[in-house]
Each structure stands twice: as structure tokens, then as C-alpha cells.
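J.: here are the coordinates; sequence isn't available:
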């Protein structure tokens, strides 16, 4: 199948939630044909997005430059914003030199991701965004259970929301995904209890990776922080799938 | 990049919202290696999922059987359920003959799709679900605007919901996608007005296809039914993306 050539100077590429097979054909094309491959990594130099795309990068012609940025993960946005300023400036330099820059994003670039902060700084260039499989779709595929059916209502809560907000979302919607569960696991477990939906919840971490874990009995989860790459799916019991 | 071989008798494959480049590497592998390629089509024999995968099917070895099912699109589920019974029985025959069957789904198979109705009937076989890019992620990528940021709340409404329900969702959440907008466009336009969010809404149809249309001034939309493949994205004005 032929993919039209990339016309953009800066491309945000969703590489999906973890399984390299869930990279799209266009994303693979953009990664293979980039001059510069950029991504966010943790202070020790680990990058999940880079790991997911690793097999492709090995196939790419050896002249690609890799451009990682260490973004501090905390609630104060000021240091992060300083890094995005620096990253945008580094990327702009490459663009001005006529290079094609790809920025790798876990999941989908514009769904709870930090890519938006880079895009806003580089949007005066010719940009492209290649969507990616988000973890909630990968989770429902892994469970082989529909996220939504017909006229069900659906909402996404974040572990960053407060207890009342999560309970409210659980009360108001049939299907609820709770993203960014990591540090907020105790609050989410309490919210599920208060909303009476503990038995309807499933917990997943590292979906599609070798260390994937699925816990269908959420009451067995330790009430403590979990890994960053974890989420809860809450779906009505006794849905009429027929 | 090497994809592990398919171990399943029946695989639901998300082919994404329309642009064949948004098919994942695993989905392409499953389509190419299937013995039987099945999908839903309209009475005149049109299938969007088949169209999206068309380029891949041309590459596939010529011995694939295509197995389309005509599912009536109306609110009465009885005739549809009869078709799913028949389809499951036809597919089961192939599986029993040792064939690998792939079922093509637009977008993601388990997000507002009808694949769940087939899966429930065939789940006693070895099944696999390959997630797909859903239209809402493709829409935000096409607009280059974040669907969600940091602690924003996000919900999906359906054109199948009543007016009050859509208004309530628009009132309660920062970002809202309204799927299945087609016939419900007049109700959605009224809901946006009532919630005071008309100016925050963008309308998209046929995302990623040649006839893609984006209307950023929703007040210019005719108050009449639109095509099935259309949706609204509603995002807060003046979000601090920085």
C-alpha cells in the first residue's frame, strides 16, 4: 500500500500504548523517513515512546538524529514549560536547516499527552499530527469487552481529578475510563466504592507489553500507588450485548 | 518489524476512520493473512470498512473469500439480531473448516461499533481484537487541537442521546465529542445553543477521506440531517496550552 510522502516539517506521531504492532502504517512511514526523531524521556533516560518505536528505528537508515528531552514529572508546570521552550527551539533549528522532525508520543498525541505544548510552540511551521491508538481502546481490545454500546454514555476521568469529581463521573455515565491511575490509585478505589461500582471495574497496567497485568477483581488491588501506565475500565454489569 | 503470527480463529480488526494509512501494522498483517474477510455492508453493497481496507485486499493473495453481511440500519434491533445470528453461523462454518476469519470494523471494533454483537456469538472460539484509531482521535489530529489537556474532563455523547442528555454532557465536561451526528444534527445544534457552546464546537465529516469537510463555524451548518460519518468536537475556548 502506498502512503503519500510527508509534506510537513514537524510531525507528531502517536505510537500507540505499547505494542509495536499497534503503530499505524502512516506513523511507521513518518518515523522511517524522518531526519530527526525526538521524544520525551525520564531523567534516567528511559522513554516508553522510544521503546515502542525501537524496532522501527533499527530499520531506519542510520543517519537519523535522536533528540530526547527530559521533562520533569510533577504538578508544577514551570520547569516543564521551560523544557518545552528549549525543545521547541532545538527542533526549530533542525527545521530551519531543512530537516524533517518527528516527535514520538505514546498513545495518541492529542489525548492527555504533552505533545500539545510542543505543537503550540511550533505551529507556525508546516505540521502534521498522526493519531495513535489510545490506551483505552487497547484496554477494551485486550479484555474483548465493548467500551460503549449503542446509546450508552461514556466519559473519561483522570487520576488528577478529585474524589468528588471521579464519583460524579462514575454516577453520571455508563462506561467510564479512569486514566493516569498511577499515584491516584487509592483515591480511585475509594471513588469506585462510593459510587458502588467496584465490581464493575477492571484494572489494567502496561497494556500490550510483556508485563501486562489485568485485575478483574479490583477489591484485591493493594490500596497504594501503582505504575504510571495503568488505568481502570468501568462498564455496566448485565449489559444486553445481543 | 516482525509481527507474531495470528493464533486466533476469529479476529475483529479496526481499520480506523477512513484513511488507509491509519490502519495499524497488526491489523494489516491480520487482513493479509486471513482466509476469509468479512464485513457489514449496506443494502446497495457499499462497505466503508471494506473500502478502507481495499488497498490491502488487493495486495493479499487471491484466495481470500469475502463474506459481506447486510445489516439493516434502524432502531428496531430485531432484524439486526437475526442477521448477526446468521453471520455468526456462516463465520462459525468457516472456523470449523479450519479457516482464519477476519471481521473488518470502521474505527475501533469495540467503540460504538456493532462488532460486539458478533463477538458475543463467537466468543467460544479463540478470538482476537485488534484496536483501531477512532474517529475522535482522527478528528483532533486533523484539527491539530488537543482533545484533552492535563486535568480537563472529557465525555462522549451520541446523537442517539436525547436533547437533555446532550446538554447535560456539554454542561458537565470541558471537552465533548458528539458521535453519530448524522440524522441528529438538528438536535445537536439545539443542544450546543442551550449549553452556550456553539462557538466552541467544530463539525467534521468523512475525516481523512477525499470528501473530508471541516466546519469551524457551526452556526453556518444547515439545520438538517447530515451524513452518518460526522461528528462534533467541543473544546473550551481560551484553554491555556502553554
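T.: Noted; the coordinates are in hand. Computed from a prediction, not measured in an experiment: that's the story for all the values here.

J.: hey, what's residue A:104 bridged with?
T.: residue A:13 (DSSP bridges).

J.: May I ask you to confirm that residue A:118 is in contact with residue A:39?
T.: No: shown here, residue A:118 and residue A:39 do not form a contact pair, counting by C-beta atoms under 8 Å, at 10.7 Å. Any C-beta I mention is one placed from the backbone N, CA and C, and that applies to glycine too.

J.: who's more crowded, these two?
T.: Of the pair residue A:118 and residue A:39, residue A:118 is the one with more neighbours under other C-beta atoms under 10 Å in any protein chain shown, namely 25 against 22.

J.: My guess is residue A:60 contacts residue A:29. True?
T.: No: with contacts counted by C-beta under 8 Å, residue A:60 stays clear of residue A:29, the gap being 10.9 Å.

J.: follow-up on the earlier one: who touches both of residue A:118 and residue A:39?
T.: residue A:103 (C-beta atoms under 8 Å, 6 or more residues apart in numbering or on different chains).

J.: ok, back up a step: give me the more crowded residue out of residue A:60 and residue A:29.
T.: The neighbour count for residue A:60 versus residue A:29, taken as other C-beta under 10 Å, is higher for residue A:29 (19 against 15).

J.: Identify the residues contacting that one.
T.: A:3, A:6, B:21.

J.: For residue B:48, see how far away it is.
T.: To residue B:48, residue A:29 is 23 Å away according to C-beta to C-beta, to the nearest Å.

J.: what does the average pLDDT come to for the longest helix along chain A?
T.: Secondary structure of chain A per DSSP state H: the longest helix is helix A:77-96. Mean pLDDT, helix A:77-96: 91.

J.: Packing partners of it?
T.: Under the contact criterion of 3 or more C-beta pairs under 8 Å, 6 or more residues apart in numbering or on different chains; DSSP states H and E, helix A:77-96 touches strand A:36-41, strand A:65-70, strand A:101-105, helix A:115-122.

J.: out of the ones you listed, nearest to residue A:202?
T.: Nearest of the helices and strands packed on helix A:77-96 to residue A:202, taken as C-beta to C-beta: strand A:101-105 at 25.2 Å.

J.: next one: the closest one to chain centre, how far?
T.: 13 Å (C-alpha atoms, centre = their mean, to the nearest Å).

J.: how much space between the residue nearest the centre of chain A and residue B:166?
T.: Within chain A, one residue has its C-alpha closest to the average C-alpha position: by C-alpha atoms, centre = their mean, that is residue A:107, at 3.4 Å. Here residue A:107 is placed at a distance of 27 Å from residue B:166 (C-beta to C-beta).

J.: Correct me if wrong: residue A:114 contacts residue A:39.
T.: No: taking contacts as C-beta under 8 Å, residue A:114 lies outside contact range of residue A:39: 10.7 Å.

J.: what's the nearest residue to residue A:32 if we skip its chain neighbours?
T.: residue A:60 (5.0 Å; C-beta to C-beta, 6 or more residues apart in numbering or on different chains).

J.: Could you do residue A:43 as well?
T.: Nearest one to residue A:43, counting by C-beta to C-beta, 6+ apart, is residue A:70 at 5.6 Å.

J.: which residues touch that neighbour?
T.: By C-beta under 8 Å, 6+ apart, the contact set of residue A:70 is A:40-43, A:45, A:83.

J.: I would like a ChimeraX command selecting only the buried ones among those residues, please.
T.: A single ChimeraX command is used to select the members of those judged buried by 16 or more other C-beta atoms under 10 Å in any protein chain shown:
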select /A:40,41,83
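
J.: which of the contacts of residue A:70 has the weakest pLDDT?
T.: Of all the contacts of residue A:70, residue A:43 has the smallest pLDDT value, namely 76.

J.: and the gap between it and chain B?
T.: Counting by C-beta to the nearest C-beta, to the nearest Å, the gap from residue A:43 to chain B is 21 Å.

J.: Check residue A:64 too.
T.: For residue A:64, the distance to chain B - C-beta to the nearest C-beta - is 16 Å.

J.: Okay, and the beta partners of the residue lying closest to that residue once chain neighbours are set aside?
T.: Excluding its sequence neighbours, the residue lying closest to residue A:64 (C-beta to C-beta, 6+ apart) is residue A:37, at 5.5 Å. Beta bridges link residue A:37 to residue A:66, residue A:102, judged by DSSP bridges.

J.: what sits against residue A:37?
T.: Neighbours of residue A:37 in contact, by C-beta under 8 Å, 6+ apart: A:31, A:53, A:57, A:60, A:64-67, A:101-102, A:104.

J.: ok, and the most crowded of those?
T.: When neighbours are taken as other C-beta under 10 Å, the top entry among the contacts of residue A:37 is residue A:104 (32 neighbours).

J.: Isn't it up against residue A:39?
T.: Yes: here residue A:104 lies in contact with residue A:39, judged by C-beta under 8 Å, at a distance of 4.2 Å.

J.: So for the two, which residues contact both of them?
T.: With C-beta under 8 Å, 6+ apart as the test, residue A:104 and residue A:39 both reach A:47, A:49-50.

J.: how about the residues you listed in TSV, adding secondary structure, pLDDT and neighbour count?
T.: As requested, the shared contacts of residue A:104 and residue A:39 are exported to TSV (DSSP: H, G, I helix; E, B strand; the rest coil; pLDDT from 0 to 100; neighbours: other C-beta atoms under 10 Å in any protein chain shown):
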residue	secondary structure	pLDDT	neighbour count
A:47	coil	92	19
A:49	helix	95	27
A:50	helix	95	20
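
J.: ok, of these, which one's closest to residue B:189?
T.: Of these, the one sitting nearest to residue B:189 (C-beta to C-beta) turns out to be residue A:49, at 38.8 Å.

J.: how close does the closest one sit to chain B?
T.: For residue A:49 relative to chain B (C-beta to the nearest C-beta), the value is 16 Å.

J.: ok, and the closest non-adjacent residue to that residue?
T.: Nearest non-adjacent residue to residue A:49, counting by C-beta to C-beta, 6+ apart: residue A:104, 3.9 Å away.

J.: Give me the contact list for stretch A:203-216.
T.: Contacts for stretch A:203-216 (C-beta under 8 Å, 6+ apart): A:16-19, A:22, A:135, A:138-139, A:142-143, A:181, A:202, A:218, A:221, A:226-227, A:229-233.

J.: quick one: which of these sit in helices?
T.: The members of the contacts of stretch A:203-216 that map onto helices under DSSP H are A:135, A:138-139, A:142-143.

J.: Please, where are all the strands along chain A?
T.: Here chain A has its strands, by DSSP state E, at A:10-14, A:36-41, A:65-70, A:101-105, A:127-130, A:154-158, A:175-179, A:201-205, A:213-215, A:230-234.

J.: Residue A:89 is nearest to which of those strands?
T.: Closest among the strands of chain A, using C-beta to C-beta: strand A:65-70, at 11.0 Å.

J.: Next, the angle from that closest one to strand A:101-105.
T.: 40 degrees (axes from the mean of the first three to the mean of the last three C-alpha atoms, to 10 degrees).
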